[in-house]
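**Q** quick one: sequence and predicted model below, then my questions.
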Amino acid sequence: MIVSGGRNAGTGGPGGTGGHWSDPAPATGCCIVQPFGSFTPLSPQATEQTAYLRSDFPAGDPSSLCAESCYTPLVTASQVPAGTHFGEYKGEECPHFFCGPRFRGASPDGKHIVLESQSPVRLTETPNEGQHALYEWSEGSLQMVSLLPEGETNEHGGAVALGATLGQHNEDARHAVSNDGSRIVFTTASGEEHQEHLYLRDTTIGTTVRLDLPEGGAATGSQAPRYMTASADGARIFFLDEAGLTRASSPGGEDLYEYDVQAPAGSRLKDLSVDRTEAAGVANVIGASEDGSYVYFTAAGALAAGASPAGECGGNNPSPSDTLSCNLYVSHEGAIALVAGLSQQDYPDWEAVNLSHLTGRVSPNGRYLAFMSQRSLTGYDNEDVSSKSPGERLDEEVYLYDSGSSSHPPTLVCASCNPTGARPVGQEYHPSGSEQIDLVGADRVWQEDTWLAALVPPWTRFDGAEARYQSRYLSNDGRLFFDSHDPLAPQDVGGSWGVYEYEPPGVGSCTTAASGYSERAAGCQSLISSGTSGSESAFLDASETGGDVFFLTYQDLVPGDYNDTPHVYDAHECTAASPCSPVSPVASPPCESGDACKAAPNVQPAVFGAPPSATFSGRGNLAPAAPVVPKKVVAEKTTVKCKQGKARNKHGVCVAKSKRRKAKKSDQRSAKEGK
């Protein structure tokens, strides 16, 4: 089963109700389901429209599949004050696409789920109304999350943060819920000026702190903060703000801030993008490591050695020329380094107005960053072979940045560039429904005039622009999976999109002497899909280590597949700890004629050339020698005859007499023939 949140994962429900796989699978398997349309209960406990927790393996045993009572309603009449109506409508039809408490985020194990309710009444015993409030569900109970810090009130004088949303308008909620569910980041409009602020709620001790509160008498502007991401434990929160929240902040433009919960009071807020001479102009955060020690972001300012001011960073007006538009940086424990200078042509890959457009990914440990660019960042000529004039069609390629270690300097390689140095064979992107791109481009984000030689998937959307899951195409050791239209391996002869793996030397089976090693890519490129299909194959997801790769294809790759619909396959790395399962034999259909019963010829693929036997010229096979009867056989026959009767005890005499008798008979036969 592919992880929930997979591509185009809409699902139907009973009575015409629909839903969405919304988050990574909890420990019991499957997902959070958000029904839409009119209320149709998915559980006997459901009383009004709400989100559900679906459990495939209630007992935690993967061999015991749930058969009944598989849906748990996250809000029921027994959890709210008596008489509370939370389903948002009383008639027979829902006036909106979604009604009732709506899923907004969850911890990876599914034990802590954040819901938003637009009900005009509270769902818990709080002193204020709970309109547009956030609640946390845990083990069947609810508690309000969107509570303001002590002493702070909203425009109505209450302590509830009205209009609260998880993360940043629900469109950027990366780690807005910590892995253990104890810390939740939310944004809300509060105060007389209705200005947005950013808050952190600690559900274990019941306190809320404001993250964008200026320190040291700073604050020069009034721009609302923009939440970006956080560490997995929620202790380090990263956001953008134009207000100049510290004395070291840039004189203008948005800066990147880190709020460290574990730092001493008064020094928890830090500006990571200080540029004292000009505005930093931070545009977006691509991602961060799980512990928050690495943060990758784009900015217009020159913040590190080798960087040049990029002017305006962002915007949706791509330039036809390969000009600098944004600098890509990494901040590691306060030190900033330049990764690459990006161009305006590939702004959808890194500007990312929301997660559903973002394609870059940071490895969990933060050492590696994979991203896309139409700019030639390593010297490879990425102009498509179909270009008729210089610079007409520049193909997107996939790049891998290694921030380095104590024994390895930082490097940037083009993981998808053709190992032969030939210009790429790309394809022009078209939106969903195009006959040219189906599996690969069904939910992608580029403009129609974008040319792609290779790509990595963006975050998986589940409702419009909202996304909660990013496919694991990059692991901690730099193992990278991507789709390529350009054939990078000799076996790739289908002429369509294929799924590839890139490994740095020393990872897996990759060495500089390996057959798939490319000096141009400084690593090994290997084909995961078959490469022989004329239709697309597309990467879906991978396990944490990359030992299992899930991909889509129309091709039948195992016995038993005989239809033309897309299949999901698992390319498994066979090891002693996790061996490959034997393939079950499948009986061939009965043949109806003599020709049909003949075995199909085993033709060698053309890519390997003609077989040696077809091109051999010489003397041919030697004539076989006359067969020689082994002496052992003659001796055995003789011995058997002389053991019969009285000759058993006179073996030697028996043999001698036998020879004389045979010789005498031979002489007599010759004499007769002479007459």
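**A** Perfect, thanks for sending it. Numbering: from 1, shown residues only.

**Q** show me the helices in the protein, by range?
**A** For the chain, the helices defined by DSSP state H cover 347-350, 594-597, 612-615, 631-642, 651-674.

**Q** would you single out the least confident of those?
**A** For those, mean pLDDT drops lowest on helix 631-642, to a mean of 33.

**Q** residues near Gly87, how many?
**A** A count of nearby residues for Gly87, using other Cβ atoms under 10 Å, gives 17. All C-beta atoms are positioned from the backbone trio N, CA, C, and that covers glycine.

**Q** what about it, distance to Tyr135?
**A** Remark: distance between Gly87 and Tyr135 (Cβ to Cβ, to the nearest Å) = 15 Å.

**Q** quick one: mean pLDDT over stretch 238-249.
**A** 88.

**Q** quick thing: my sequence starts at 22, can you match it?
**A** New numbering, starting at 22: the last item is stretch 259-270.

**Q** and the end-to-end length of it?
**A** End-to-end distance of stretch 259-270 (Cα to Cα, to the nearest Å): 15 Å.

**Q** go on, stretch 119-138?
**A** Start-to-end, stretch 119-138 (Cα to Cα) is 11 Å.

**Q** quick one: the strands in the stretch 222-371 of the chain?
**A** 228-231, 247-251, 257-262, 276-281, 290-292, 303-309, 315-320, 345-353, 356-364 (DSSP state E, counting those that start in this stretch).

**Q** adding mean neighbour count and distance to Ala559, write the ones you listed out as a markdown table.
**A** A markdown table is the format used below for the strands of the stretch 222-371 of the chain (neighbours: other Cβ atoms under 10 Å; distance: least, Cβ to Cβ, whole Å):
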| stretch | mean neighbour count | distance to Ala559 |
| --- | --- | --- |
| strand 228-231 | 16 | 43 |
| strand 247-251 | 25 | 26 |
| strand 257-262 | 25 | 31 |
| strand 276-281 | 24 | 34 |
| strand 290-292 | 20 | 41 |
| strand 303-309 | 26 | 22 |
| strand 315-320 | 26 | 25 |
| strand 345-353 | 23 | 26 |
| strand 356-364 | 19 | 25 |
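
**Q** closest one to Gln491 among the ones you listed?
**A** Among the strands of the stretch 222-371 of the chain, the nearest to Gln491 by Cβ to Cβ is strand 303-309 (8.4 Å).

**Q** so what strands line up beside the closest one?
**A** Strand 303-309 pairs in its sheet with strand 315-320 (antiparallel), by DSSP bridges.

**Q** how about residues contacting the partner strand?
**A** 249, 259, 277, 279, 293-294, 301-310, 331, 334-335, 347-353, 360, 363, 371-372, 381, 383, 386-388, 390, 424 (Cβ atoms under 8 Å, 6 or more residues apart in numbering).

**Q** between that strand and strand 257-262, how many degrees?
**A** Inter-element angle recorded for strand 315-320 and strand 257-262: 10 degrees (by axes from the mean of the first three to the mean of the last three Cα atoms, to 10 degrees).

**Q** ok and strand 315-320 relative to strand 356-364, angle-wise?
**A** Going by the same axes, to 10 degrees, strand 315-320 makes 40 degrees with strand 356-364.

**Q** where in the stretch 172-321 of the chain is pLDDT low?
**A** 176-178, 183, 189-192, 210-215, 237-244, 297-298 (pLDDT under 70).

**Q** separation between the most centrally placed residue in the chain and Phe571?
**A** The structure's the chain has its C-alpha centroid closest to Ser492; by Cα atoms, centre = their mean the separation is 2.1 Å. Distance from Ser492 to Phe571, counting by Cβ to Cβ: 9 Å.

**Q** same check, this time on Glu236
**A** Taking Cβ to Cβ, one finds Glu236 at 46 Å from Phe571.

**Q** so for these two, which residue has more residues nearby?
**A** The residue with more neighbours, out of Glu236 and Phe571, is Phe571; 22 against 17, by other Cβ under 10 Å.

**Q** surely the more buried one touches Asp591?
**A** Yes: shown here, Phe571 and Asp591 form a contact pair, counting by Cβ atoms under 8 Å, at 5.6 Å.

**Q** give the contact list for Phe392.
**A** With Cβ under 8 Å, 6+ apart, Phe392 has these contacts: 307, 349, 370-371, 380-382, 419-420, 422, 477.

**Q** show me which of the residues you listed are buried.
**A** Burial by neighbour count, judged by 16 or more other Cβ atoms under 10 Å, picks out 307, 349, 370-371, 380-382, 419-420, 422, 477 from the contacts of Phe392.

**Q** which of those lies closest to Asn584?
**A** Of the buried ones among the contacts of Phe392, the one sitting nearest to Asn584 (Cβ to Cβ) turns out to be Val477, at 28.9 Å.

**Q** how far away is the closest one from Tyr521?
**A** Counting by Cβ to Cβ, the gap between Val477 and Tyr521 amounts to 11 Å.

**Q** any common contacting residues for those two?
**A** Common contacts of Val477 and Tyr521, defined by Cβ under 8 Å, 6+ apart, comprise 502-504.

**Q** got CSV for those residues, with neighbour count too?
**A** CSV is the format used below for the shared contacts of Val477 and Tyr521 (neighbours: other Cβ atoms under 10 Å):
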residue, neighbour count
Phe502, 28
Phe503, 26
Asp504, 27
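
**Q** mind giving me JSON lines with those and columns for distance to Cys435 and pLDDT?
**A** Shown next, in JSON lines, are those (distance: Cβ to Cβ, whole Å; pLDDT from 0 to 100):
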{"residue": "Phe502", "distance to Cys435": "16", "pLDDT": "97"}
{"residue": "Phe503", "distance to Cys435": "11", "pLDDT": "96"}
{"residue": "Asp504", "distance to Cys435": "15", "pLDDT": "95"}
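
**Q** ok, of these, which one's closest to Asp582?
**A** For these, the nearest to Asp582 is Asp504 (21.2 Å; Cβ to Cβ).

**Q** verify the contact between the closest one and Ser517 for me.
**A** No: contact between Asp504 and Ser517 fails when scored by Cβ under 8 Å: they sit 10.2 Å apart.

**Q** hey, what's in contact with both of those two?
**A** Ser558.

**Q** what is in contact with Ser492 and Phe571 at once?
**A** What both Ser492 and Phe571 touch, as defined by Cβ under 8 Å, 6+ apart, is the set 560-563.

**Q** how far away is Gly274 from Ser294?
**A** From Gly274 to Ser294 the distance is 9 Å (Cβ to Cβ).

**Q** on that earlier part again, give me the pLDDT for the residue nearest to the centre of the chain.
**A** pLDDT, Ser492: 92.

**Q** quick check: bridge partners of the closest residue in space to it that isn't next to it in sequence?
**A** Spatially, and ignoring its direct neighbours in sequence, Ser492 is nearest to Asp562 (4.6 Å; Cβ to Cβ, 6 or more residues apart in numbering). Here Asp562 sits in beta bridges with Phe571, going by DSSP bridges.
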